[in-house]
Each structure stands twice: as structure tokens, then as C-alpha cells.
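Participant: Here you go, sequence then predicted model.
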Amino acid sequence: MQVSELARRFEEIFGQRPRIYRAPGRVNLIGEHTDYNDGFVMPAAVGFSAYVAVAPRPDRRLAIRSEQFPGTFEFDLDHLPQQRTGAWCDYVLGVAVVLRQHGHQLAGSNLLVHGEVPIGAGLSSSASVEVASALALLSLQETQLPLPEVARLCRQAENSFVGARVGIMDQFVSCLGKAGHAILLDCRSLAFEPVPIPAGLELVVCNTMVKHDLATGAYNTRRAECEEGVRHFARWNPAVRALRDVTPDLLSQHDRDMPTTIWKRCCHVVRENQRTTDAARALAGGDLERIRQLMRDAHRSLRDLYEVSCPELDAMVEAAEGLPGFCGGRMTGGGFGGCTINLVRRENASDFAVKIAERFRRATGISPQVDCCSAEDGAARLA
Ligand code: GLA
């Protein structure tokens, strides 16, 4: 996206020169469905981003437009809706509502959103729009919040306004991503550590083109199942507040003491936390064989225990096996469709992209979208 082009469009529509903010989407290397269990994740921000252009207006209205969708949505800042409208503008509106709820003053504003993160692909299109919108809205008040706080507020907008009970991972890495690094994040304390991705590796993102929709029931059902797991484990150890607190020992002692489905969900989360911290060590140490094993185990666990994969994601993971330069892959994001993430040696990456697409097409009849990416910096003002 040319920033000058977005500025020109904004001037055409609103007759003002805007400020422009960019916030990236993400891939998650490992640590899936652990964030809302107070666990560990290891995502990286990537080059697909949302851009929000903003300028003040003299009245108390909030006008929201998109380059992708028709219409202008207008709201009275002092009487913002308290419930979602069901339209795409909810991601911006929800952020405005939550900022107001937390006592942040907002000025009347015109906003133009340009999203380049594919929607419904599990690459955090919603978090990127939320984060860019939050920074844009706050900037007109010259308010600077610490980025972890911006992430927390954006997550709250998605939880309480949009209605998807997501964890903090996507908003956090969209704010705090670092070029050339994955971010190992402790979702309980929000302590984080950039982990260098070995030079010479590319992130190859393979989109199955099967759209997922997090707001539909399955994601929230998984959350509820984890909460039920916590209630079981807390009977045997009252210190258990989240699945983060369940040790592998406690897990194996009680495999028959709760419904099988609940135990399977818990089993995924407890072991995935361990895999994630192991993977951070392996990545930092350049132990690619270990990374490959951990990513493979993570995918199998998501497929068989957490049950959030789908035949197309499994086919894409299989299609990567044996291709030159492949160093590990798995489904990434919430699941039920979307993308796989593959670590591939740079010299093999473009060939890998062609071959995996061919194999996937042969297996499923679907033409996938394959992109070679690198880890990028988090959100920033561009103009
Ligand atoms: C979605 C959510 C995240 C996280 C992942 C699964 O991307 O937005 O918070 O829960 O699913 O790891």
C-alpha cells in the first residue's frame, strides 16, 4: 500500500490531510489456544497490515469509512452504541467505546481504513484494524499509552463489543512485534522476549482459502471447555486458576476423572505451553530439527485433541513434508480454516511456494494463496 495513495484518497473524501497509522497482522509459530489459558505463545508480526488515516473534525462525530467496503458509518461520540452493529465498523467502533469506558477523551474524527490482511484467514485482520484505529484515535488527543495497554484495550473491544472471546496474542504482537524476531509472550504477566528467527529462514504462509469465523460458536465453546477443565483441576489443587497452573503430573493423574472431551482440551493446552517454551529455546539456539518436531506435535495436538484443524489444513501440512528447505510447519491461528505457517530456508522458499501450491491443488482441488514473509515491526505512525 502506498501511504501517499491513502492520504490522497482521504483528502478526496474528507478534504483534509490525515495522519496515518499502520498495524500488522501476525502468524503464530507455536502456542495455539494457550493465550486465554494464561499460557505462552510465540507469534511474529508479518507484512500484511491495516492502515488507518485520521484527522479531527470540528463536531463530536466519529465518521468511519473503508477502502474495501461501501458506505460511511457515523456516530455521536457522546452517545456511542453499547452493542455491536454487526457491520465491519464494529472493530473501530468497539475500540472507541472501550477507550471512552476507560476514561480516555476522544475528539470528533474522520477515519479511513485500508485493510490488507486477508479476512478470515487466521492472520489477525481484526486485531490489525483495532490496533491501528486505537493509535489513530488516541493520537488526536496527543495521548500516548504504553503499547501493552493499547493491546489490552483492543482485546477488550473484541471481547466485550464484537463478542469474540479471544486472548491477547494478536493485539499484543500487532503492537509489539519486532523485525526478524518472534515474540515469546507470557499471557499471564505480559512479560515478553523477542526470539531471533535464524537468518536464512523465511516464513511461508499458505492460505487454504477456507474461511474461518471466530465469532461463531466453536472458538467460544473451546474457551468454555477450558474453563470447565479449570473447575475440575481446582478441586484437586485449589491453586489452579487457569490451565497454565496445571502441571503434566496433575494432568495425568486425572485422565479418567472428567469427560473425555474436557480432558483432551486440557491435555493440548498443558503440553502446548511446554512445547512453546521449548520452541523458543530451540529457535534461539538454531536447533531446527527440534523446531520441526515441536511444530509437528503441535499440529497433531490441535487436530486430534483440541479438534480445531480441518481436512484442508491437514492437507496443507502434509503437502509441506519432504519439500527441499522445509524446517517445520503447522496450522496457525484459531483454526477451522485459514493458513499454515512454514519455516523454509530462504534459498528454497520460492520453489517451496510453487510446489506446495501444486501438491495442495492436486489433493483438494483448491488453488491456495502462498506468501513468503519475514517478521516485521509492530504498529507505528507512518505519516
Ligand atoms: C485467535 C485469537 C487468539 C488466539 C488464537 C488461538 O487468533 O484471536 O487470541 O486464541 O485464535 O491461539
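Facilitator: That came in fine, so what should we check first? Numbers count the residues shown, from 1 in each chain.
Participant: Rounded mean pLDDT for the helix or strand encompassing Ala298, please.
Facilitator: Assigned by DSSP states H and E, Ala298 belongs to helix 288-304. Helix 288-304 shows a mean pLDDT of 98.
Participant: The helix or strand that that helix is followed by: how far from the chain's middle?
Facilitator: The C-terminal neighbour of helix 288-304 among helices and strands, as given by DSSP H and E, is helix 311-320. Centroid separation for helix 311-320 versus its chain: 20 Å, with C-alpha atoms, centre = their mean, to the nearest Å.
Participant: Which secondary structure elements does the very next helix or strand once past helix 311-320 sit against?
Facilitator: As assigned by DSSP H and E, the chain's next helix or strand after helix 311-320 is strand 326-332. Using 3 or more C-beta pairs under 8 Å, 6 or more residues apart in numbering; DSSP states H and E, the elements in contact with strand 326-332 are helix 288-304, helix 311-320, strand 339-345. (C-beta placed from N, C-alpha, C; glycine too.)
Participant: In the first one, which residues are buried?
Facilitator: Buried residues in helix 288-304, counted by 16 or more other C-beta atoms under 10 Å: 288, 290-295, 297-299, 301-303.
Participant: okay but Lys317 is in contact with Met331, surely?
Facilitator: Careful, residue 317 is Val; it's not Lys. Yes. Assessed by C-beta atoms under 8 Å, Val317 is found in contact with Met331 at 6.7 Å.
Participant: as a whole number, average confidence for the host helix or strand of Arg271?
Facilitator: Arg271 is part of helix 260-284 when elements are defined by DSSP H and E. For helix 260-284, the mean pLDDT works out to 98.
Participant: Which neighbouring elements make contact with it?
Facilitator: Helix 260-284 packs on strand 40-41, strand 181-186, strand 192-196, helix 217-236, helix 248-253, helix 288-304, going by 3+ C-beta pairs under 8 Å, 6+ apart.
Participant: And the ligand, is the second one touching that?
Facilitator: No. Contact of strand 181-186 with the ligand (C-beta under 6 Å from any ligand atom) is absent, the minimum separation being 10.9 Å.
Participant: what are the phi and psi values for whatever residue of the stretch 1-150 of the chain ends up closest to the ligand?
Facilitator: When scored by C-beta to the nearest ligand atom, the stretch 1-150 of the chain has Glu32 as its residue closest to the ligand, at 4.0 Å. Backbone torsions for Glu32, taken as degrees, to the nearest 10, come to phi -110, psi 130.
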